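Student: prediction below, plus the sequence it came from.
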Amino acid sequence: MSKKLLIRDLTLRDGQQSLFATRMTQKQVDRVLPLYREANFYAMEVWGGAVPDSIMRYLNENPWDRLEKIKKAIGDGSKLTALSRGRNLFGYNPYPDDVIDGFNRNAVKSGVSIMRIFDALNDTDNIGSTIKSVKDNGGIADCAICYTVDPYFSAIKKLKAILQAKPLQTHIFTDQYYLSLALKLQEMGADMISVKDMAGLIPPLRAGRLIRLLKKNLNVPVDFHTHCTPGYGLASTLMAIVNGTDIVDTNIMSFSGGTAAASFEIIQLFCNRMNIDTGVNLEAVVKIDASLREIRRELAEYDQYKEFPKEFNILTDKLPKDIDELFELAIAYAKADKEDDLLTTCSRIESYFHFPEPDEKVKEAEIPGGMYSNMLAQLKQLKLEKLLPRTLELIPSVRMDAGCPPLVTPTSQIVGAQAVNCAIDEAKGNPLYTTRSIQFVNLVKGIYGKTPMAVDPEFRYKIAGVREETPYDTRFYKRQENTVFHEYGEVRLAADEKEELLLELFPSVAHDFLKRRVEQKYLDEIHMVEEAKRIKFEAEKLEYEKLSPEEKQKRLLDGLYHYIWTSGDDENLGHS
């Protein structure tokens, strides 16, 4: 009897976000939905992350419409998944419980079956209200533990710290740390636990060890999620499968690799050799990949890699003998915990399929690729690229000062931007933290939640002006104004609760998007009225042309009499 492995397809959310800046239009999404309906993936991640913001901002599309159209097309073929930042929902600010509940209620009603809930600080207090809300409204609560690594300090840095009687803390994000977090989330009502490694930093041995530990101690299914950025993705996903994960996250081949997740087709080839049944309809997958390749060509201006993965029909194409043997070797190395051999073998497999080479800079720096590129862009804008090496050196210290937050959105960007500020301060001869962002101040203050390590009260006072941790108080939350446009006939900016929620989460972007919608609807209505008048006039003109000369004269006289009577011009009436 074969083993079972469930597949969550990320292509239409995480895949396109990682590779093409979330630029798939609704028309492009619609082209593959009939094929996905037949594919029988356990779940499809289609919403959340950057999707709502990006499609309003760049495509002028309604996020709720996208979700509802996908649900209508997929039906019950796969469970639809969205990604939520817990108390921050899809935005970056904390929200009160009534906003959280309203959003999740509408999300589940509109088609979301599984809500993947995470917090950038792994603060379970920021997740509880979303778990309750999702479950109360009939959804599945998928609670994610955000994987990250300890800050890296050189031997010299460690020695200096010891000599200054301030030894640096290490072994923060241990296996026990993640197990304790997972057990707490299970106790809070999680229906499944996901190991969420959005930066792709988890090496194979750690992936296998962590999955074994979670499977031994949890009573709910475990999902493994990683990316391929620094070159661990495929090997670590295989290691998770070998060690008993219930679900893995993959992308269709043409939307996989690089900064995205591993390819489903390659994972399926491994499963074939291990007698593991994914339950996926491979005929549908072949058709989906062919359609996505055309769409990828249409997205060329946003494609950071340009080179496509090798075309491969998993049903009919045969692998060369030497490549075929690599799959058997990789499985053997994974089962034997031989990490270096496994990584080398998986790298050769990926090279055969023309996937991008690992990003060595990200691997060496042990930070997410997006964080690295954002820091570089920030420095380039200021013509200070030479400060990048020093910025990378400062990241561990900045992170430790701020309570050692995991490097995931948005904390990765907050820490990265502050490291840039510190490097610039230092270059100008100013003390570190002379320049600090409001986001960094709020992080240190406690607005975002509890950090994995306690922040030094004196540092907090220096940065935020308070010594005690100060959580965000939702009692002071102020709802966004739902503007009334008198010039458009007393129409409100947000027409219903779902649009009001967009305003709450994305105030600036949603305001512009909804205002364009109001204006366009008003112009469309004017156009419809004018078009109706034009059609009526043309019809009357055509009818008039068919009249006899006598009937035309009578029609003109009747019109003149009607005008005089209605205008009250008695003098003209008498003259007539």
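Tutor: Nice, I can see it.
Student: tell me how far stretch 205-214 lies from the chain's centre.
Tutor: Averaging C-alpha positions (CA atoms, centre = their mean, to the nearest Å) puts stretch 205-214 25 Å from its chain's average.
Student: so where's the stretch 51-200 of the chain uncertain?
Tutor: Applying pLDDT under 70 to the stretch 51-200 of the chain picks out residues 91-92, 153-169.
Student: same thing but 90
Tutor: Applying pLDDT under 90 to the stretch 51-200 of the chain flags residues 85-94, 150-171, 199.
Student: for it, which segments count as strands?
Tutor: With DSSP state E, counting those that start in this stretch as the criterion, the stretch 51-200 of the chain has strands at 79-84, 114-117, 140-146, 192-197.
Student: who are the packing partners of the last one?
Tutor: Under the contact criterion of 3 or more CB pairs under 8 Å, 6 or more residues apart in numbering; DSSP states H and E, strand 192-197 touches strand 114-117, strand 140-146, helix 175-187, helix 204-217, strand 222-226. The C-beta positions use only the backbone N, C-alpha and C, and glycine is treated the same way.
Student: JSON lines for the ones you listed, including distance to residue 328?
Tutor: Output for the helices and strands packed on strand 192-197, formatted as JSON lines (distance: least, CB to CB, whole Å):
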{"stretch": "strand 114-117", "distance to residue 328": "33"}
{"stretch": "strand 140-146", "distance to residue 328": "32"}
{"stretch": "helix 175-187", "distance to residue 328": "29"}
{"stretch": "helix 204-217", "distance to residue 328": "17"}
{"stretch": "strand 222-226", "distance to residue 328": "22"}
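Student: and residue 377, which of the ones you listed is closest to it?
Tutor: Ranking the helices and strands packed on strand 192-197 by proximity to residue 377 (CB to CB) places strand 140-146 first, at 23.7 Å.
Student: now for the closest one, which elements pack on it?
Tutor: Counting contacts by 3+ CB pairs under 8 Å, 6+ apart, strand 140-146 is packed against strand 114-117, helix 128-136, helix 175-187, strand 192-197.
Student: the second one vs helix 175-187, what angle?
Tutor: When you say that, I think you mean helix 128-136. Relative orientation of helix 128-136 versus helix 175-187 (axes from the mean of the first three to the mean of the last three CA atoms, to 10 degrees): 50 degrees.
Student: mind listing what's buried along helix 128-136?
Tutor: 128-135 (16 or more other CB atoms under 10 Å).
Student: could you list the buried residues of stretch 361-377?
Tutor: Buried residues in stretch 361-377, defined by neighbour count with 16+ other CB under 10 Å: 362-363, 365-376.
Student: would you check which pair of these lies furthest apart?
Tutor: Most distant of the buried residues of stretch 361-377, by CB to CB, are 363 and 374, 17.5 Å apart.
Student: could you pull out the helices for the stretch 401-550 of the chain?
Tutor: Taking DSSP state H, counting those that start in this stretch as the criterion, the stretch 401-550 of the chain carries its helices at 411-427, 438-445, 457-464, 497-505, 507-545, 549-567.
Student: give the buried residues for the fifth one.
Tutor: When neighbours are counted by 16+ other CB under 10 Å, the buried residues of helix 507-545 are found to be 509-511, 513-514, 517-518.
Student: what about the nearest residue to residue 446 once chain neighbours are set aside, neighbour count?
Tutor: Of all residues not flanking residue 446 in the chain, residue 469 sits nearest, at 3.8 Å (CB to CB, 6 or more residues apart in numbering). Neighbour count of residue 469, defined by other CB atoms under 10 Å: 18.
Student: from residue 440, how far off is the nearest residue to residue 401 once chain neighbours are set aside?
Tutor: Spatial nearest neighbour of residue 401, excluding adjacent residues (CB to CB, 6+ apart): residue 459 at 5.7 Å. Per CB to CB, to the nearest Å, residue 459 is found 12 Å from residue 440.
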